[in-house]
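# okay, sequence plus prediction incoming.
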2 protein chains.
Amino acid sequence: MKAALSGPEIERLVQALGKLPGLGPRSARRAALALIKKRETLLDPLSTALREAAAAIKVCSTCGHIDTTDPCGLCTDPRRDDHLLCVVEDVGDVWALERAGVYRGRYHVLGGTLSALDGRGPDALNIASLIDRMTGKTGVEVVLALSATVEGQATAHYITERLGAGVNVTRLGHGVPIGGELGYLDEGTLAAAFKSRRPL
Amino acid sequence: MKAALSGPEIERLVQALGKLPGLGPRSARRAALALIKKRETLLDPLSTALREAAAAIKVCSTCGHIDTTDPCGLCTDPRRDDHLLCVVEDVGDVWALERAGVYRGRYHVLGGTLSALDGRGPDALNIASLIDRMTGKTGVEVVLALSATVEGQATAHYITERLGAGVNVTRLGHGVPIGGELGYLDEGTLAAAFKSRRPL
């Protein structure tokens, strides 16, 4: 019955949209309908944006971030602090930190965490390039902004060892998230919050 | 700061995605990131699907439905019942009814409802083509599957008048929606449900 409802091109559009995070089958259908109905204002601009983004995106050979230039805009920005290097798992983490606007140093994107289960060893991550980047540098603080998970912490531990004793390595603080209610927090977070308590 | 974070092509992609129904600014960013990171499996297929859909979509000159052929697959399907004609506001309503799988007749898509506020008169809707379609036809039931709103009902009333006394016009039943809890229903729906009550 679906074949009779709409042509294969429309079905393929619904399916391609349904693979995006945040769009289920029903909302993919709604999005496809909106695109089809508003061709000039929705479909054509999105089509152009996708084509242009596909042609323009590059992975920064310095930090692993995705941008339209290599080195990326964050690596070349002269206003950023060269004495801070924030190590993150993912490009999305860079976006999140930049949205928060609390950090003005450089970045290094690992591309994931070490994972024995998924068979991801150090060679699958941008760790060698991080070591290269730090070789011979002094006075740089490396902030490990990795997930507070077993895998994130194993990765942090491994990187700290590889960087050696001469490098100043820090990690993000743990505690109660802003807006978080104590009743919903796990014991690990509560313990961390108690340990890092401060005078009012 | 946004300009430094990612190139204009990526920003334009985020903006184009953010205009889709169901995607806010945050989820548009997440979708853009997924597209960029999974170019072969996400970005390229969506780009192709959009281009092909844009090239293929046609508005059916018989019923106003959107498909990749004109007349559309629903108008040409020989298995559908020519004695039933369901009048809907929108292409999305056709999709919803077809998903429900309860109707096997033909369709007519108005493209909206009459609206004094939005200045939408009969000429802005596919009403003339509906009258044309019904001229000289006998034994066809016209099911008005329009919104149970003031505008939907005004449209239904207008169409009934235009079709004339010789045409068998029906509307969808009103009542408690399946899964609906009485406590959340408005008085109008409850009144309609009482009026249309049936023996168990």
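Perfect, I can see it now. Numbering: from 1, shown residues only, chains lettered A, B, ... in the order given.
# could I get the full set of helices for chain A?
Using DSSP state H, the helices of chain A run over A:2-5, A:8-18, A:25-37, A:44-56, A:73-76, A:91-100, A:128-134, A:150-163, A:187-195.
# number of residues surrounding the nearest residue to A:Arg106 once chain neighbours are set aside?
Excluding its sequence neighbours, the residue lying closest to A:Arg106 (C-beta to C-beta, 6 or more residues apart in numbering or on different chains) is A:Leu85, at 5.1 Å. Bear in mind the C-beta positions are built from the backbone N, C-alpha and C, glycine included. For A:Leu85, the neighbour count with other C-beta atoms under 10 Å in any protein chain shown is 22.
# distance of A:Leu85 relative to A:Cys72?
14 Å (C-beta to C-beta, to the nearest Å).
# now the closest residue to A:Glu9 other than its chain neighbours: how far from B:Leu97?
Leaving aside its chain neighbours, A:Glu9 sits nearest to B:Ala56 (4.0 Å; criterion: C-beta to C-beta, 6+ apart). The gap separating B:Ala56 from B:Leu97 is 23 Å, by C-beta to C-beta.
# ok, now A:Gly136?
Counting by C-beta to C-beta - A:Gly136 and B:Leu97 are separated by 69 Å.
# neighbour count for these two, which is higher?
Set A:Gly136 next to B:Leu97 and count neighbours by other C-beta under 10 Å: B:Leu97 wins out with 19 against 6.
# report the contact partners of that one.
Contacts for B:Leu97 (C-beta atoms under 8 Å, 6 or more residues apart in numbering or on different chains) come out as B:86, B:88, B:103, B:107, B:145.
# ok, now with 7 Å
By C-beta atoms under 7 Å, 6 or more residues apart in numbering or on different chains, B:Leu97 lies in contact with B:86, B:103, B:145.
# give the contact list for A:Arg29.
If a contact means C-beta under 7 Å, 6+ apart, then A:Arg29 has A:14, B:95 as its contacts.
# still on that earlier bit, going through the contacts of B:Leu97, which ones are buried?
Neighbour counting by 16 or more other C-beta atoms under 10 Å in any protein chain shown classes B:86, B:103, B:145 among those as buried.
# before we move on, back to that, nearest to chain A, out of the contacts of B:Leu97: which one, please.
B:Tyr103 (11.0 Å; C-beta to the nearest C-beta).
# find me the pLDDT at the residue nearest to that closest one when sequence neighbours are not counted, would you?
Spatial nearest neighbour of B:Tyr103, excluding adjacent residues (C-beta to C-beta, 6+ apart): B:Leu97 at 5.2 Å. With respect to pLDDT, B:Leu97 scores 89.
# centre of the chain to stretch A:65-77, how far?
15 Å (C-alpha atoms, centre = their mean, to the nearest Å).
# kindly report the same for stretch A:68-78.
The answer for stretch A:68-78 is 17 Å, by C-alpha atoms, centre = their mean.
# what residues of that stretch count as buried?
For stretch A:68-78, the neighbour count (16+ other C-beta under 10 Å) marks A:68, A:72-75 as buried.
# ok, so of those, who is nearest chain B?
Closest to chain B out of the buried residues of stretch A:68-78 is A:Thr68 (2.7 Å), distances taken as C-beta to the nearest C-beta.
# next, the contact list for the nearest residue to the closest one once chain neighbours are set aside, please.
Nearest non-adjacent residue to A:Thr68, counting by C-beta to C-beta, 6+ apart: B:Gly7, 2.7 Å away. B:Gly7 makes contact with A:56, A:67-69, according to C-beta under 7 Å, 6+ apart.
# adjacent strands (with direction) for the longest strand seen in chain A?
In chain A, assigned by DSSP state E, the strand with the most residues is strand A:81-88. Strand pairing for strand A:81-88, using DSSP bridges, gives strand A:105-109 (parallel), strand A:141-144 (parallel).
# can I get that strand in PDB, CA atoms only?
The C-alpha coordinates for strand A:81-88 follow below in PDB (Å, rounded to 0.1, in the frame of the first residue of the first chain):
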ATOM      1  CA  ASP A  81      45.200  30.900  24.500                       C
ATOM      2  CA  ASP A  82      48.000  28.600  23.400                       C
ATOM      3  CA  HIS A  83      48.700  27.700  27.000                       C
ATOM      4  CA  LEU A  84      45.500  25.700  27.400                       C
ATOM      5  CA  LEU A  85      44.800  22.500  25.400                       C
ATOM      6  CA  CYS A  86      41.400  20.900  26.000                       C
ATOM      7  CA  VAL A  87      41.200  17.200  25.100                       C
ATOM      8  CA  VAL A  88      37.700  16.000  24.100                       C
END
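# okay, the angle between it and helix A:150-163?
140 degrees (axes from the mean of the first three to the mean of the last three C-alpha atoms, to 10 degrees).
# if we can go back for a sec, quick one: closest of the strands paired with strand A:81-88 to B:Thr41.
Proximity to B:Thr41 (C-beta to C-beta) singles out strand A:105-109 among those, at 20.2 Å.
# related to what we said a few turns ago, distance of the residue nearest to B:Tyr103 relative to B:Glu89?
Distance from B:Leu97 to B:Glu89, by C-beta to C-beta: 12 Å.
# again with A:Ala124
Using C-beta to C-beta, A:Ala124 is found at 53 Å from B:Glu89.
# who has more neighbours, these two?
Neighbours per residue, other C-beta under 10 Å: of A:Ala124 and B:Glu89, the larger number sits with B:Glu89, 20 against 15.
# now for that one: which residues touch it?
Contacts of B:Glu89 (C-beta under 7 Å, 6+ apart): B:110, B:112-113, B:146-147.
# centre of the chain to stretch A:164-181, how far?
For stretch A:164-181, the distance to the chain centre is 17 Å (C-alpha atoms, centre = their mean).
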